[in-house]
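In: with the input below, show me the fold.
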Amino acid sequence: MSVAARALDRTPAPAIFLASGLSLYLGSALAVGLFAVASATEVGWARMAVAAVVLLLIVRPWRLRWTLAELIGSAVFGLVLGGMNLLFYVAIDYLPLGVAVAIEFTGPVVVAAWGSGSRRSALALVLAVLGVAAISLTGVDWSGDAIAAIGLLAALAAGASWAVYMVLGRRIAAQRDGVASLSIGMAAAALGYAPLGIGGVSAMTANWTLILAVIGVGILSSVLPYTLDQVALTRLSASTFALLTALLPATATLIGLVVLGQLPSLGELAGLLAISVAVALATRTAAPPSKEGPPSELPPG
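Out: Numbers count the residues shown, from 1 in each chain. You can find the predicted model right below:
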């Protein structure tokens, strides 16, 4: 066992899970800094490309036997994942990081409510809707132009994509190892969305600072969180997983405040609280995802 593996083995699972969330949203904050030289979709595509290269080198999926159905399924899974992340990057180009993350969490809340039908899930859905309404009506500046509307719609679309991603992820998990599927999926996403992002390559590689920032976004937002989650999720109970997942919108808000200087309004804080409670209620109805499957229940960012 390596030194890193031994260190992770001694680290409490909740700490690893929260470290994954911090990495995810630090990567998002770093991506926001790149929006000054490239568009949100170009930065999002660069993240996919970096993650695909790293995962392919680590996993080397070409050594495995694949059926055509498995390859197609993994590719579709990756395209949905890529689309979700592109939409999220568009959202954080127009909205504060914490707000975009909170709104996006409505996707899994709807999936949980649809699949459960319990009073707990119904309450979660109501709270999620109220949270989005609070953010939309009191926490977002609608004056002047359609910027806020673009961000809100992109965040809601990302949440809808996350819901589809969850359903596909569970099906893929039953067919093939999650890491291998993820590597194929990220490669498919990098190729499929290349027309939307490849135009920004020259701007994002103009100097070593930008190159390192792009690599950092790919590793912090994709590779490192998934690696940490594989360790943490096997050691978390359903109740602990629900609580920690509910803290992720607050984590994103904290990163937005400290790194990007995004001070939330009272309306945003009220909406964040409502959505966080909704996430806790919805997530509590199911066990945490297993290590064998793709990170279908884990947040994009």
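In: residues near V37, how many?
Out: 16 (other C-beta atoms under 10 Å). (C-beta placed from N, C-alpha, C; glycine too.)
In: that one contacts T205, correct?
Out: No. Under the criterion of C-beta atoms under 8 Å, V37 makes no contact with T205, lying 10.0 Å away.
In: just the buried residues of stretch 20-38, please?
Out: 20-32, 34, 37-38 (16 or more other C-beta atoms under 10 Å).
In: which two in those residues are spaced the farthest apart?
Out: Every pair in these was compared (C-beta to C-beta); the two farthest apart turn out to be S20 and V37, at 27.6 Å.
In: how far away is the closest residue to V231 other than its chain neighbours from T245?
Out: Spatial nearest neighbour of V231, chain neighbours left out: L8 (5.1 Å); criterion: C-beta to C-beta, 6 or more residues apart in numbering. Distance, L8 to T245, using C-beta to C-beta, to the nearest Å: 20 Å.
In: looking at the two, which one has more neighbours?
Out: Neighbour count, other C-beta under 10 Å: between L8 and T245, T245 has more, with 24 against 19.
In: sorry, back to before: following the helix or strand the residue nearest to V231 falls within, which helix or strand comes up?
Out: Assigned by DSSP states H and E, L8 falls within helix 3-10. Downstream of helix 3-10, the first helix or strand assigned by DSSP H and E is helix 13-34.
In: what is the rounded mean pLDDT of that following helix?
Out: Mean pLDDT, computed over helix 13-34, is 91.
In: not counting the next helix or strand after it itself, show me its contacts.
Out: Sequence order places helix 40-59 as the next helix or strand after helix 13-34, per DSSP H and E. Helix 40-59 is contacted by residues 27, 31, 34-35, 38, 82, 85-86, 88-90, 92-93, 179-180, 182-183, 186-187, 189-190, 193-194, 196-201, 203-204, 214-215, 217-219, 221-223 when judged by C-beta atoms under 8 Å, 6 or more residues apart in numbering.
In: report the buried members of those.
Out: Applying 16+ other C-beta under 10 Å to those flags 27, 31, 34, 38, 82, 85-86, 88-90, 92-93, 179-180, 182-183, 186-187, 189-190, 193, 196-197, 200-201, 204, 214, 217-219, 221-223 as buried.
In: in helices, which of those fall?
Out: Counted as lying in helices by DSSP state H, out of the buried ones among the contacts of helix 40-59, are 27, 31, 34, 82, 85-86, 88-90, 92-93, 179-180, 182-183, 186-187, 189-190, 196-197, 201, 204, 214, 217-218.
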